[in-house]
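>>> Based on what follows, work out the 3D shape:
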Amino acid sequence: MIKKNKQTIGILGGGQLGQMLSDAAIKLGYNTHIYSPYKNSPAFKNSTYQTIGKFEDQKNIDEFINNVDLVTIEFENIPLSTIEYISELKPMYPPPHAIKISQDRLLEKKFFIENKINTNSYMNVESLEDLSRWNFDKKSVLKIRKFGYDGKGQKIISSYEEAKNAFISFKNYPCLIEEFIEYTKEVSTISARDVHGNVYSYNPSENIHKNHILDRSFAPALINEKLDMELKKISSKMISQLEYIGVLSIEFFVSINQQTNQEELIVNEIAPRVHNSGHWTLDGADVSQFTQHIKAIIGLEISEPQLIFMTEMYNIIGDDIYHWSNIKSTENKKIYIYGKDRPRKGRKMGHVNFISRN
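Next up, the predicted model:
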């Protein structure tokens with residue numbers, strides 16, 4: 001049993017998000033306990049306590065629970081049974097029902113529809129027969145319903161034959177097929193809600209992806225005031241409807257409505273956690289998304305975040321680390337290296353925040 005005289009925040013997952021959450025918590029005066037299946041997890045070296053164990057390991061999970069005061073997550077693809085078990089014994093943020101919705105694209109789409117939030121047309125696919133009922137006159141996207149991220153488990157398709165081959169390559173795993181959106185911009189919001197009912201959003205960011213992986217985020221996004229207000233209104237509605245505590249990220253497409261020829265927002269997906277597109281807040285806002293999340297889940301009142309610098313966030317991917325690891329941060333260029341053991345294609349190794357002080 002770990003002896004402690006101040007609150008310990010348990011964090012499920014040991015990646016860079018857990019690392020930066022742990023940094024924020026410790027700066028606020030709390031202990032952190034990282035639980036991860038991987039012995040080389042980068043968050044371990046930034047935390048007070050560490051446990052190596054599988055998320056299905058009952059003995060290790062029980063010991064972890066006994067040594068923390070509350071629990072949060074750094075990524076959503078954790079067995080729901082583990083999330084629900086922990087939530088029966090310790091406060092869990094975000095709530096399990098929000099994690100459940102975000103884990104399944106079908107539940108996510110139903111949540112959007114039930115709350116009258118604009119999204120693209122879709123259909124559940126559990127068999128080739130289901131797939132045959134979709135209209136392939138327009139370009140579509142086939143996505144596995146669970147455990148997909150950074151473009152994994154999805155494929156753009158233009159015909160039934162392509163869709164069939166993709167479905168088979170996904171080993172007939174339940175999927176969602178949806179219309180492909182011809183967007184003009186991808187934007188996201190980072191919002192937070194605390195136990196006192198306060199809800200605040202950061203300035204939306206515009207996101208550029210390469211090979212389905214976030215490459216750059218620009219904050220604030222270059223959008224008009226109407227879209228900015230609508231993004232914050234939708235985000236506030238969603239986080240409140242979920243009775244959510246902590247930071248929630250929501251990704252949107254900006255598209256041109258063919259009937260009105262006006263810009264419209266189409267929600268793509270939610271992430272029940274701090275997010276890559278919010279890393280700019282470490283230097284471009286007066287409070288980072290990580291500090292905001294910790295304050296919300298610990299029971300403190302959150303503040304409305306203020307933009308202090310226009311910021312471009314650049315992801316350091318794969319072998320790009322060999323270039324950036326030898327460069328030092330400057331006043332206008334803040335470099336964050338995660339300390340992962342080895343680079344590989346598509347792996348996020350760090351990020352850089354370029355700050356504009358004009």
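>>> so where's the stretch 101-250 of the chain uncertain?
150-151 (pLDDT under 70).
>>> just checking, what packs against the longest helix belonging to the chain?
Of all the segments of type helix in the chain, defined by DSSP state H, the longest one is helix 225-241. Packing contacts for helix 225-241, counted by 3 or more C-beta pairs under 8 Å, 6 or more residues apart in numbering; DSSP states H and E, involve strand 183-193, strand 199-201, strand 246-256, strand 263-271. C-beta coordinates here come from the backbone N, C-alpha and C atoms, glycine included.
>>> same thing but 10 Å
helix 96-103, helix 105-114, strand 183-193, strand 199-201, strand 246-256, strand 263-271 (3 or more C-beta pairs under 10 Å, 6 or more residues apart in numbering; DSSP states H and E).
>>> Please identify the helix or strand for residue 294.
helix 289-298 (DSSP states H and E).
>>> What is the burial count for residue 60?
16 (other C-beta atoms under 10 Å).
>>> ok, back up a step: quick check: angle from the longest helix of the chain to strand 263-271?
Orientation check (axes from the mean of the first three to the mean of the last three C-alpha atoms, to 10 degrees): helix 225-241 against strand 263-271 gives 30 degrees.
>>> any idea of the mean pLDDT for the helix holding residue 294?
For helix 289-298, the mean pLDDT works out to 98.
>>> partners of the helix or strand following it in the sheet?
Scanning forward in sequence from helix 289-298 by DSSP H and E, the next helix or strand is strand 310-317. Here strand 310-317 has these sheet partners by DSSP bridges: strand 213-219 (antiparallel), strand 348-356 (antiparallel).
>>> TSV please, covering those strands and showing mean neighbour count and distance to residue 142.
What follows is the strands paired with strand 310-317, written out as TSV (neighbours: other C-beta atoms under 10 Å; distance: least, C-beta to C-beta, whole Å):
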stretch	mean neighbour count	distance to residue 142
strand 213-219	21	19
strand 348-356	20	25
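>>> nearest to residue 280, of these?
Comparison of these against residue 280 by C-beta to C-beta identifies strand 213-219 as nearest, at 4.5 Å.
>>> In PDB, list the C-alpha atoms belonging to that closest one.
Taking C-alpha atoms only, strand 213-219 is exported to PDB below (Å, rounded to 0.1, in the frame of the first residue of the first chain):
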ATOM      1  CA  ILE A 213      -2.400  11.700 -39.000                       C
ATOM      2  CA  LEU A 214      -2.600  15.200 -37.600                       C
ATOM      3  CA  ASP A 215       0.300  17.200 -39.100                       C
ATOM      4  CA  ARG A 216      -0.400  20.800 -38.000                       C
ATOM      5  CA  SER A 217      -3.000  22.800 -36.000                       C
ATOM      6  CA  PHE A 218      -3.500  26.500 -36.300                       C
ATOM      7  CA  ALA A 219      -5.100  28.500 -33.400                       C
END
